[in-house]
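[1] Starting from these lines, generate the structure:
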Amino acid sequence: MEDRDGELDSEKSGGGAMSLERAISAVRKRLKLVVAIPVVLAVMAALIALSMPNRYDASALVQIDPRQKLISNLDTVVSDLKGDAPTVESEVEVIRSRPVILAVIETLNLRNDPEFTHTSKFDKFLTWLGFPAPDATAVPDRAAPLVRDQIAEVLNPERPGSVMPERDEVAVAFAERLKVVRVRTTLLIDIRFSASDATKAARIANTVAETYLRQQIETKRRANASATEMLEAKIEEMRSRVAQAERKVEQWKARNNIFDSEGQILSEKQLARLMEQSVNARNATTEAKAKYEQTQKLARMGDNGTALAEVLKSPTIQLLKDQLATATRKSAELATRYGAKHPEMLKIRAEVAEARAQLDGEVARLVENLKNEYEVADAHERHLAQTIAQMKEQQVDTKDAGVELKELEREAASNKQIFEALLARFKQTSGTQDFQLPDAHIVEKADIPLYPASPKRKQIVFLALITGLILGMGLAVLLELMAPGISRPEDVKRALALDHLSSMPAIAGEGIDRIEPDKAVRLIVAEPAGVYAEAIRGARRELDTRRKLPGPRVVLVASALPNEGAETIASNLAHHYALTGSRVLLADVDVRRQPLTRQLAPQRIAGFADQLILNRPVEAAVLRDSLTGLHFLPAAGDAPLARSIPEILASPVTAAALARLKTRFEVLVLSAPPLLPVSDARILADYADQIVFVMTWQKTPKALAKKAIQMLGANQSKMTGAILSEVYDDADRRYLAMLARATAAPASSASDAA
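    As a prediction, the model looks like this:
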């Protein structure tokens, strides 16, 4: 069992489980509403869309170019843009920025365009209050100087006297129509503008792209100009520092007697040369000494030095040796011919002696020269060594001064290097100031659109139609859930724990379709082929199949509240039994209202209650319809009753009267009063064999219906099922007709057989 509180809340809300089948049924029941809502919304959307002005979208395509763009070989101050996602997204925001928008507005003079000079909400509010609205035509004249100040403020935020930009309605209206997006993950940026005129939209989109490119160039030029100014000031400062450092170096040299030549200190350069000369002098001394010592050694060995290399190299020595050899050869020749004392021999000997004397003298002179060269080289070497020693002593004295000099020179060189770098950068920056290219280019200019981009009238109408259809179906389902009663036959079992016997279509029409009450209680006779008649046949069949014992039976037809159609169902059910040949009695036991009595027996004299009070047999008040064979027992006559109705119904006389009637009739159909207002039907339930509970479709609250059933107490076991009355939906009428036709033939056969 479910929790009773939760179940009661569900019943009060008219809910229950909403299945797909129930939702479809709810939509089918309210098909006219479901269709009407989208149609109305579509018509309204069409009228609104037709009243909306056309708007045209023009699109220009800009590509960010990360490649290096240099007219010269010099680097620029502002580097090229990167091709990464943050850079592209930043450029998208730059295009949407206030400086670009204001520049485009001023370039195209859009402040005089009525499309952008709309009235603000505050002005409209003032007009609604009765105050005069501001002159819209005066706005451009007042705003133009301010806008120029705003543009200068954004481009140069450190400009003296700058003010915070105020809200610009034209710029706001422009920004609402401007759309700048990155094309997927590419370097392309789509600049789209919406305007009421196609030519204007294309012109503005192209102007935005061109303004963005001009702004890039101007940004680079301003950066170069600023860098040039800063470099120029820094160069002047560094020029002064370089001159001061060089002046300090020269002053230090002058104070410390330090002179330089070809980039070197003169004393150091002299010392290096002396040391080089000392090495050469030492080599020359060593060579001269070796030659002289060799000559002395040869002399001690008896050689007069003729074997010395320098002697052999001397041309004079060679000539004298040739003369000596010639004289010696001639002397040998003459000795063979003449005697020792021959004049020719004496003459030739004299020539030989003279030649030898000249040779010895020349050799001695050469040996003396070698000695002199050795002595000179040795003296020169000693002199150089002495000079080098003196220079070294002087170099030690100037060592400290040289260290400080190098420090001054390094400082001067560093300042000079910085100065030269700044000077080169200044020339580079000033040289490239006029050679600036943008970091993007226009790939495709905006063409004049041929068709308006908005409003999309077909889409608006279609969306309104779809939205209306969804709203209609949702409203139908919501009404189904909010219905206080039961809408579907399957809900009867879930809500009341009763079987569903049948659903009766509504029979109370309007105008010419209205069915009179006297006809409604005999509708199965008046319209035997109608939907209502088919539903009655289905209800009769369910009653017959659910009877527990064979033989005569009493069928009590009751509802929870008045005017739920229980008496009409009881009358038509009894008429159907009569038409099929059964011996049936229809008793109007609703003594208080007497609904069937007023329709079927308005001229009655006595009735059920009268006979019981007077202790007379009720059979005497039974009337018979000659057309259908139906027996009818009116509720009471016109005279007032002397006893209370519950007392009458609870008396043994009533039990005895109904027992006698069961012996005479096969079926007794009792049309009882409502269960909740009075206790009459609850008393009559004691005499019933089958109880049929009637409730109005979507009207009878389930909580009240359940309460009425619970008030039957032990007689709840006699409940055969429930019948839904007043089902007025056209789709359900067709459904009920098909259901009734499907069950009519078996029901008729069963009743005929009975």
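[2] What is the three-state secondary structure of the nearest residue to residue 539 once chain neighbours are set aside?
    Leaving aside its sequence neighbours, residue 539 sits nearest to residue 502 (C-beta to C-beta, 6 or more residues apart in numbering; 3.7 Å). Bear in mind the C-beta positions are built from the backbone N, C-alpha and C, glycine included. Classification of residue 502 using DSSP: H, G, I helix; E, B strand; the rest coil returns strand.
[3] Figure out how far the lengthiest helix in the chain is from the centre of its chain.
    When the chain is parsed with DSSP state H, its longest helix is helix 198-255. A distance of 41 Å separates the centroid of the chain from that of helix 198-255, by C-alpha atoms, centre = their mean, to the nearest Å.
[4] Then stretch 271-290?
    Worked out by C-alpha atoms, centre = their mean, stretch 271-290 lies 91 Å from the chain centre.
[5] Go through that stretch and flag the buried ones.
    271, 274-275, 277-278, 281-282, 284-285, 288-289 (16 or more other C-beta atoms under 10 Å).
[6] List just the nearest of those to residue 480.
    residue 271 (118.8 Å; C-beta to C-beta).
[7] Going by secondary structure, the closest one is in what exactly?
    helix 266-300 (DSSP states H and E).
[8] Need the mean per-residue confidence for that helix.
    Confidence for helix 266-300, expressed as mean pLDDT, is 74.
[9] Determine the set of other helices and strands touching it.
    If contacts are counted by 3 or more C-beta pairs under 8 Å, 6 or more residues apart in numbering; DSSP states H and E, helix 266-300 sits against helix 343-397.
[10] Who are the packing partners of the helix it packs on?
    By 3+ C-beta pairs under 8 Å, 6+ apart, helix 343-397 packs against helix 266-300, helix 309-313, helix 315-337.
[11] Which one of these lies nearest to residue 689?
    Nearest to residue 689, of the helices and strands packed on helix 343-397 and by C-beta to C-beta, is helix 266-300 at 144.8 Å.
[12] just to revisit the earlier point, relative to residue 408, which of the helices and strands packed on helix 343-397 is closest?
    helix 266-300 (16.7 Å).
[13] what angle do the closest one and helix 343-397 make?
    Orientation check (axes from the mean of the first three to the mean of the last three C-alpha atoms, to 10 degrees): helix 266-300 against helix 343-397 gives 150 degrees.
[14] mind listing the strands for the protein?
    Using DSSP state E, the strands assigned to the chain run over residues 56-64, 178-182, 188-195, 260-261, 264-265, 440-444, 500-505, 553-559, 584-588, 623-624, 631-633, 667-671, 690-696, 719-727.
[15] Rebuild these as TSV, extending it with mean neighbour count and distance to residue 413.
    Output for the strands of the chain, formatted as TSV (neighbours: other C-beta atoms under 10 Å; distance: least, C-beta to C-beta, whole Å):
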stretch	mean neighbour count	distance to residue 413
strand 56-64	21	44
strand 178-182	17	52
strand 188-195	21	51
strand 260-261	12	14
strand 264-265	15	15
strand 440-444	16	45
strand 500-505	24	112
strand 553-559	26	118
strand 584-588	29	132
strand 623-624	14	141
strand 631-633	24	137
strand 667-671	27	128
strand 690-696	26	112
strand 719-727	25	111
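[16] how about those strands, which one is nearest residue 482?
    strand 690-696 (15.9 Å).
[17] what's the angle from that closest one to strand 719-727?
    30 degrees.
[18] Tell me the strands beside strand 690-696, with direction?
    Its sheet considered, strand 690-696 pairs with strand 553-559 (parallel), strand 719-727 (parallel) by DSSP bridges.
[19] quick revisit: for the strands of the chain, which one sits closest to residue 385?
    strand 264-265 (22.0 Å).
[20] Quickly note the distance from the closest residue to residue 331 other than its chain neighbours to residue 282.
    Distances taken as C-beta to C-beta, 6+ apart put residue 348 closest to residue 331, at 4.4 Å, once the chain neighbours are dropped. Distance, residue 348 to residue 282, using C-beta to C-beta, to the nearest Å: 51 Å.
[21] Of the strands paired with strand 690-696, which shows the lowest average pLDDT?
    Among the strands paired with strand 690-696, strand 719-727 scores lowest, with a mean of 90.
[22] Hey, what's the angle from that one to strand 500-505? Just curious.
    Going by the same axes, to 10 degrees, strand 719-727 makes 20 degrees with strand 500-505.
[23] Do I have it right that residue 595 meets residue 671?
    Yes. Taking contacts as C-beta atoms under 8 Å, residue 595 lies within contact range of residue 671: 7.4 Å.
[24] To residue 532, which of the strands paired with strand 690-696 lies closest?
    Judging the strands paired with strand 690-696 by C-beta to C-beta, what sits closest to residue 532 is strand 719-727, at 10.1 Å.
[25] who's in contact with that closest one?
    Contact with strand 719-727 is made by 486, 489, 492, 496, 498-506, 508, 539, 542-543, 546, 555, 564-566, 568-569, 690-697, 699, 709, 712, 733, 736, as judged by C-beta atoms under 8 Å, 6 or more residues apart in numbering.
[26] now for the longest helix of the chain, which elements pack on it?
    Helix 198-255 packs on strand 56-64, helix 85-95, helix 98-108, strand 188-195, helix 399-431, strand 440-444, going by 3+ C-beta pairs under 8 Å, 6+ apart.
[27] mind giving me CSV with the ones you listed and columns for mean pLDDT and distance to residue 607?
    Shown next, in CSV, are those (pLDDT from 0 to 100; distance: least, C-beta to C-beta, whole Å):
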stretch, mean pLDDT, distance to residue 607
strand 56-64, 87, 85
helix 85-95, 88, 92
helix 98-108, 92, 93
strand 188-195, 92, 84
helix 399-431, 77, 122
strand 440-444, 86, 97
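[28] Switch the ones you listed over to JSON lines; also include distance to residue 463.
    Output for these, formatted as JSON lines (distance: least, C-beta to C-beta, whole Å):
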{"stretch": "strand 56-64", "distance to residue 463": "19"}
{"stretch": "helix 85-95", "distance to residue 463": "30"}
{"stretch": "helix 98-108", "distance to residue 463": "32"}
{"stretch": "strand 188-195", "distance to residue 463": "20"}
{"stretch": "helix 399-431", "distance to residue 463": "59"}
{"stretch": "strand 440-444", "distance to residue 463": "31"}
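[29] For residue 254, which of the ones you listed is the nearest?
    helix 399-431 (11.2 Å).
[30] Just the buried positions in the closest one, please.
    Buried-residue list, helix 399-431, by 16+ other C-beta under 10 Å: 402, 405, 408-409, 411-412, 415-416, 419, 422, 425-426, 428-429.
[31] Looking at those, which two lie furthest apart in space?
    Among those, 402 and 429 lie farthest apart (C-beta to C-beta), at 40.0 Å.
[32] doesn't residue 543 make contact with the residue nearest to residue 539?
    No. Between residue 502 and residue 543 there is no contact, the gap being 9.4 Å when judged by C-beta under 8 Å.
[33] all helices of the stretch 451-600 of the chain, in order?
    For the stretch 451-600 of the chain, the helices defined by DSSP state H, counting those that start in this stretch cover 457-482, 489-496, 517-520, 523-526, 531-545, 566-579, 595-600.
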